[in-house]
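A.B. asks: need coordinates for the below:
(chains A and B)
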Number of protein chains: 2
Amino acid sequence: MQTIQYPDKGTWQEILRRPAMDTTALENTVTGILQDVQQNGDAAVRKYAQQFDKVALTDFIAAPAEFEAAAASLDPALKRAIQQAAENITTFHRAQQEQSKVIATMPGVECWRRAVAIDKVGLYIPGGSAPLFSTILMLGIPAAIAGCKEVILCTPSNAAGQVHPAILYAAQLVGVNKVFKIGGVQAIAAMAYGTETVPQVYKIFGPGNQYVTCAKQLINKAGVAIDMPAGPSEVAVLADDSCEPAFVAADLLSQAEHGADSQVILITTSATVITAVEKEVAAQLALLPRKELAAKALANSKLILVDNMTTATALLNTYAPEHLIVACKDDINIADSITNAGSVFLGNYTPESAGDYASGTNHTLPTNGYAKAYSGVSLDSFVKKITFQRITREGLAQIGSTIEIMAAAEGLDAHKNAVTIRLK
Amino acid sequence: MQTIQYPDKGTWQEILRRPAMDTTALENTVTGILQDVQQNGDAAVRKYAQQFDKVALTDFIAAPAEFEAAAASLDPALKRAIQQAAENITTFHRAQQEQSKVIATMPGVECWRRAVAIDKVGLYIPGGSAPLFSTILMLGIPAAIAGCKEVILCTPSNAAGQVHPAILYAAQLVGVNKVFKIGGVQAIAAMAYGTETVPQVYKIFGPGNQYVTCAKQLINKAGVAIDMPAGPSEVAVLADDSCEPAFVAADLLSQAEHGADSQVILITTSATVITAVEKEVAAQLALLPRKELAAKALANSKLILVDNMTTATALLNTYAPEHLIVACKDDINIADSITNAGSVFLGNYTPESAGDYASGTNHTLPTNGYAKAYSGVSLDSFVKKITFQRITREGLAQIGSTIEIMAAAEGLDAHKNAVTIRLK
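C.D. replies: Residues are numbered from 1 along each chain as shown, chains lettered A, B, ... in the order given. Take a look at the predicted model:
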């Protein structure tokens, strides 16, 4: 861990630089797979599953019996935990529903907008070392609240064609009944273009490795919506003397265990905190099963000492962290000055892992500084808002000359005429 | 205009096909310009302004005297019209502001989200035959309501280095004081990367030709946010026997005059309406200044006769029009069954041009079927929503085991430990 004291503002960009996330080198490979699946459908999906995942796919939609077996085999305590998390996520996302209200901008000119579910959405859940069933809750629950008619899920199976039971249990719990046991670029392609087996969707959500990220970027450029651009996960902790160094260390490590490219930053107004946290990180790291991974991420991490809270929040808003933990006495007021972040965790008893799983907020968040322009996933991500207007004859008489004058000034006479002919 | 009677559902995709919008052929050219501006800043911007716009740029930020001259020279009736439109747009977009509300998902677990303005946004307004000052209102007003700190605007000048006074007047009216007289790919690049003169922004809005569209796609893939993907403008009119054929014809023509690639579709349950509209289109077209352009768009347009309203709305939801006019007796009920559209105009006295200029709704809308997954521009487009959570010690005791069990099942022990260490 690198300690930086009182950095000059001119050095902030350099200190906060993230590793470059350039996937252009992969584009030829990924484009080839996308095109192959677009043209050859299931046959191409099977070919790449064999090639990359070493699995001979036959029927790759999860059967009802597999869902039943998953629910039967899963530890009851885990099922209860998943249900509790699902309840909290449901409560928070349901509160994001908006009532449509009619606004009379002038007498006889009524405007409103209505949130309508995106008909067909696709969720991608990566395979690999851990079964990310929590992400199914984070994506499937707002999709269900929005009322999306078709919600499908792709996730790679193991070589025996099996998917972790927690994946199938979480999917069924949130109403996702079409689970396709496919992964990688071929899964993104199948959802973007549709195949004989996989329905085409209008928007694709979920995390993935650099190939999946590249595939999502390319299909997005071609017009299919995606949740947001992606980069490695990251946490920043802002701490003052009121923090518990052992808690801060645990939070830094919980981010670091995601992998070598995870970003971990501590910003503090107290030199004592830096020393104490370093000591705690060393002690806790030694006990972690994923300590090699975490140690690699920590090698790139930074402990930054600043003069005061104003500098600290300015530095944080420049960085725009995915996760921000505020372990400070004045946490509520500090929260008001945060303008760039994905999700913020306030106080000594709010670890990032609470939001990762169960507080109710969404854990699909903007990384890589994208929090400057992007929100995390929410109910909004699963709807589009259609505007409506209804004008009476009297209303048009009121607003008509405004439209006619502006249309004429833009050189659009037919636009003008659409009003003139109605007022004749 | 092509008339199609009672099309079979199997033919819908073919009938509703839009012209392909493939900008990949331009990518090499556009990438070259983007990179040149990223590396060489203002010098590259000046080079391309000379090459493409035949203008020798020196200082290309509009001076205060230019804003004053613009305001002084503009027709007072046009100024009043712009002000009236700005008031209605302000009223509608201000109503989109959301109150933050704290949700206790469990006792001691409080979650909320707060909409925060995107700090720096850039608006692009194309040059060409018409000065699109109305788009400045549509983008600048929600940016101001959101509270964006820096709102810049790029628009190409004429060969003498001048910008239309209505552009400058509208910009100043909505609080956009930094207007750069540059256009094309070089303007998009300047806003995406920043130059000596042009500040870098986090999100870029606004229409443009296929080069500008391609540039926006490419910088979006590289991580800069954009309003939405773009395609040619389009309108669909749904009409029954209660419509006024002359009004419908005027609406079809107001879309057709945008250009040869505009899409114009009429769907009706009445054969009489088709005949009457065709006659009216011919009569009104003859009188239009832009009749050559409009005639080209009409050559690709379709008049579709269907059995009943259920089929009509299904066809429309498959098409997902940017603009939809519902000229039917039962317009309010029909509106409820529309699930894919950008903006909807209800009744005989609500022409599309009302929304284009002054009803209050936004005219920056999803084209090319993107309305299936994308919303038009709104206040939401200028903010990101940050989530917050604050958990008490008692709250963490309640929710802790749920987090611990889920983290352990995902193989993330440090996530689990961040809870365990706090509850010890």
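A.B. asks: you'd agree residue A:55 is up against residue A:157?
C.D. replies: Yes: the pair residue A:55 / residue A:157 is scored as a contact, 5.9 Å apart, by C-beta atoms under 8 Å. Just so you know, the C-beta spots here come from the backbone N, C-alpha and C atoms, and that holds for glycine as well.
A.B. asks: and residue A:345, helix, strand or coil?
C.D. replies: Per DSSP: H, G, I helix; E, B strand; the rest coil, the secondary structure class of residue A:345 is strand.
A.B. asks: list the contacts of it.
C.D. replies: Residue A:345 is in contact with A:323-326, A:351-352, A:354-355, B:389-390, counting by C-beta atoms under 8 Å, 6 or more residues apart in numbering or on different chains.
A.B. asks: what bridges to the closest residue to it other than its chain neighbours?
C.D. replies: What sits nearest to residue A:345 in space, not counting adjacent residues and going by C-beta to C-beta, 6 or more residues apart in numbering or on different chains, is residue A:325, at 4.5 Å. Counting by DSSP bridges, residue A:325 is bridged to residue A:237, residue A:345.
A.B. asks: contacts for the helix or strand hosting residue A:185, please.
C.D. replies: Under the criterion of DSSP states H and E, residue A:185 resides in helix A:184-193. Contact with helix A:184-193 is made by A:30, A:33-34, A:36-38, A:41, A:44-45, A:48-49, A:52-53, A:122, A:124, A:152, A:154-156, A:180, A:182, A:197-198, A:200-201, A:204, A:208, A:211-212, A:214-216, A:219, A:222, A:224, as judged by C-beta under 8 Å, 6+ apart.
A.B. asks: what's the one helix or strand residue A:113 maps to packed up against?
C.D. replies: Remark: residue A:113 resides in strand A:109-117, with elements defined by DSSP H and E. Contact here means 3 or more C-beta pairs under 8 Å, 6 or more residues apart in numbering or on different chains; DSSP states H and E; on that basis strand A:109-117 packs against strand A:103-106, strand A:383-391, helix A:393-409.
A.B. asks: quick one: the second one near chain B?
C.D. replies: Spelled out, it's strand A:383-391. Yes: Strand A:383-391 reaches chain B (C-beta under 8 Å from any C-beta of the partner chain) through A:383-391.
A.B. asks: cool, the shortest one as well?
C.D. replies: Yes: with C-beta under 8 Å from any C-beta as the criterion, chain B is reached by strand A:103-106 at A:103, A:105-106.
A.B. asks: just how off-centre is that strand within its chain?
C.D. replies: In terms of C-alpha atoms, centre = their mean, to the nearest Å, the centre of strand A:103-106 is set 36 Å apart from its chain centre.
A.B. asks: kindly report the same for stretch A:21-41.
C.D. replies: The gap between where stretch A:21-41 is centred and where its chain is centred comes out at 22 Å by C-alpha atoms, centre = their mean.
A.B. asks: buried ones in that stretch, by neighbour count?
C.D. replies: Using 16 or more other C-beta atoms under 10 Å in any protein chain shown as the test for burial, stretch A:21-41 gives A:21, A:23, A:26, A:30, A:33-34, A:36-38, A:41.
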